[in-house]
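Novice: make a model of this:
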Amino acid sequence: SSPAGTMELFGSFVRPHGETLGFPARPGNTGVVKTLGNTYQFTVDVSDFAPEDIIVTTSNNQIEVHAEKLATDGTVMNTFTHKCQLPEDVDPTSVSSSLADNGMLTIRAQRRPAKHSEHVQQTFRTEIKI
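Specialist: Numbering: from 1, shown residues only. So this is what the prediction gives:
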């Protein structure tokens, strides 16, 4: 099946199932990276977590969303990890995220303008605190 319109689809992601920990896996929680002009965007449902429980990291062209809810005694009650591979032309320094009231975390990254100069492989790792 081809995507509707001119929207490019690449790299789908699935919420990891937590049956072994006794957490119900929420249905319908898969998504794709959308291309909106020069912006890549994807959304993750982290409504089970408080903003301070969520960490977004980027390493090379991979974005990881990690959330962990702790009980009052310090044990882990719930955990969520989502990794998403972005295309080669993404600018790793442009990654931003915003958390909506309904618990949907939207992560955006800008495309780098096409350069025809020499290719220099750079590695970036940044952490964004929400």
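Novice: helix or strand for His82, just tell me which one.
Specialist: For His82, the element it lies in under DSSP states H and E is strand 76-85.
Novice: direction included, what does that strand pair against?
Specialist: strand 62-70 (antiparallel) (DSSP bridges).
Novice: give me the contacts around the strand it pairs with.
Specialist: Around strand 62-70, the neighbours that count as contacts under C-beta atoms under 8 Å, 6 or more residues apart in numbering are 44, 46, 48-50, 53-58, 76-86, 95, 105, 107, 109. In this view, the C-beta of every residue, glycine as well, is placed from N, C-alpha and C.
Novice: what mean pLDDT does whichever helix or strand comes after the strand holding His82 have?
Specialist: Sequence-wise, the next helix or strand downstream of strand 76-85 (DSSP H and E) is strand 96-99. On average, the pLDDT along strand 96-99 is 92.
Novice: can you check stretch 49-68 too?
Specialist: 89.
Novice: show me what counts as buried in that stretch.
Specialist: By neighbour count on 16 or more other C-beta atoms under 10 Å, the buried set for stretch 49-68 is Phe49, Asp53, Ile54, Val56, Thr58, Asn61, Ile63, Val65, His66, Ala67.
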